[in-house]
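Trainee: take a look and give me a structure for this.
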Amino acid sequence: MTEHEKKIMDAVDKVLPAVVTITITKDVKDITRDLPLEFFRLPHYQEFLEHEIEHAPKDDKGRIKVGGGSGFFVSDMGLVLTNRHVVADHYAKYSVIASGEKKFEAIVLARDPINDVAVLKVETKEKLPAIKMGETKNLRLGQTVIAVGNALGEFQNTVSTGVVSGLSRFISASGDMMGRQERLRGLIQTDAAINPGNSGGPLVNLDGEVIGINVAVIFGAQNIGFTIPIERAKKDLEEIKKFGRIRRPYLGVRYMLLNKFLKDRFGLPISNGALVVNEGIPGDFAVMPNSPAFAVGIKEFDVITHCDGKEINEKESLEDMLSPHEIGDVVTLRIFREGKGREFKVTLGEFRKEV
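Mentor: Numbering: from 1, shown residues only. As a prediction, this is how the structure comes out:
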């Protein structure tokens, strides 16, 4: 056995007891709520639905299993880190299966829609194993890393090794069951095998410290996976401990990032920036009432071209520029309106839509 192999096995021994499987279940009434209206127009839909429900895998409470993911304890008091997209369904129930097949009901304490991080809590009086937090500031290309998780939703405690293949990566990924896209940046790229079901599991170094949360894999490619740096989750945990929730700076606009195609389509004189526009849903607002943007007079069809002097474009969106800020920070926005440029100073508020 080489020294390198021994380090890998020692690290795995440290982290395995703290890695968990997250099981997602739903009551029958909540599953039917999610079905499209067209389904109920199909002939014999009732018989088909009853057959599928009867043969679907269920938990010990009769709830239907609809998915799963991975996570890990970061506190001996039962705090679990995972991806936000793993626990995105507000109508689902979540269970945590820990080492020794111990099963706990879990509640979602908070979901971070910007960083794709979620924090769960299990109720237990026993002291639970937790993974030690590491850091990524000294991470180097070629450094050995280990991914652990519930591969494909079936193979619990699957371990794969690889190296850090890239740093500060940017991807667009499916963020929920409706296929809406979320933009994740500053990610760690690794060739350690990450599979569906691994989402939410830890990426650890040879000291057995978690340095990231596994989030995505590129389908059709070989050995290209991505991980959220653990510092993002550390900040969320600090927010929960201090305020009881994850706080995020809030401007209060819906927007579309401009490009040359949209410039031509809307007949605009500029091709970069965030066009303030609603999503076309009845009752939707481009500028949310009583929001910081509303307070300073930002209007629908304004184009926000710069934030604190930085140009907004498809590679660096307005949201990307606002996310490092704190609530209460003042930002300077450059607005293009009716052929003229204007500046607005906006005090960021608090976003509180998600749990």
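
Trainee: so what touches stretch 229-238?
Mentor: Residues external to stretch 229-238 that are found in contact with it (Cβ atoms under 8 Å, 6 or more residues apart in numbering): 74, 79, 81, 110, 112, 115, 117, 119, 133-136, 186-188, 210-213, 246. Heads up, the C-betas are built off the backbone N, CA and C, glycines and all.

Trainee: if we go to 6 Å?
Mentor: When contacts are taken as Cβ atoms under 6 Å, 6 or more residues apart in numbering, the neighbours of stretch 229-238 outside the stretch itself are 81, 112, 115, 117, 133, 136, 210, 211, 212, 246.

Trainee: number of nearby residues for the last one?
Mentor: Spelled out, that is residue 246. The number of residues packed near residue 246 is 26, by other Cβ atoms under 10 Å.

Trainee: please shift the residue numbers so they start at 28 in all later answers.
Mentor: All right, first residue 28 from here; so that's residue 273.

Trainee: need the nearest residue in space to it, chain neighbours excluded.
Mentor: Once flanking residues are discounted, residue 273 sits nearest to residue 137: 4.4 Å by Cβ to Cβ, 6 or more residues apart in numbering.

Trainee: residue 271 is in contact with the one you found, correct?
Mentor: No. Using Cβ atoms under 6 Å, residue 137 is not in contact with residue 271, being 8.7 Å away.

Trainee: got a list of contacts for the host helix or strand of residue 172?
Mentor: In this assignment (DSSP states H and E), residue 172 forms part of strand 171-178. Among residues not part of strand 171-178, those counted as contacts by Cβ under 6 Å, 6+ apart are 38, 42, 46, 48, 97, 183, 185-188, 190-191, 217, 219, 221-222, 224-225, 228-231, 233, 241.

Trainee: any idea which helix or strand comes after the lowest-mean-pLDDT helix or strand in the chain?
Mentor: Evaluated with mean pLDDT, DSSP states H and E, the helix-and-strand set of the chain has its lowest mean pLDDT in helix 72-82, which scores a mean of 63. Per DSSP H and E, helix 72-82 leads on to strand 91-100 as the next helix or strand towards the C-terminus.

Trainee: just give the nearest non-adjacent residue to the residue most central in space within the chain, would you?
Mentor: With distances taken as Cα atoms, centre = their mean, the chain has residue 143 as the residue nearest its mean C-alpha position (1.3 Å). Taking Cβ to Cβ, 6+ apart as the measure, residue 143 lies nearest to residue 111, with 4.7 Å between them; neighbours along the chain are not counted.

Trainee: so the one you found makes contact with residue 142?
Mentor: No. If you go by Cβ under 6 Å, residue 111 and residue 142 don't touch, sitting 7.7 Å apart.

Trainee: neighbour count: these two, which is higher?
Mentor: The residue with the greater number of neighbours, taking residue 111 and residue 142 and applying other Cβ under 10 Å, is residue 111; the counts read 28 against 24.

Trainee: show me the contacts for that one.
Mentor: With Cβ under 6 Å, 6+ apart as the criterion, the residues that contact residue 111 are 138, 139, 143, 144, 145.

Trainee: could you list the domains of the chain?
Mentor: Described in terms of automatic domain parsing, the domain architecture of the chain consists of the residue ranges 43-149, 159-270, 275-378.
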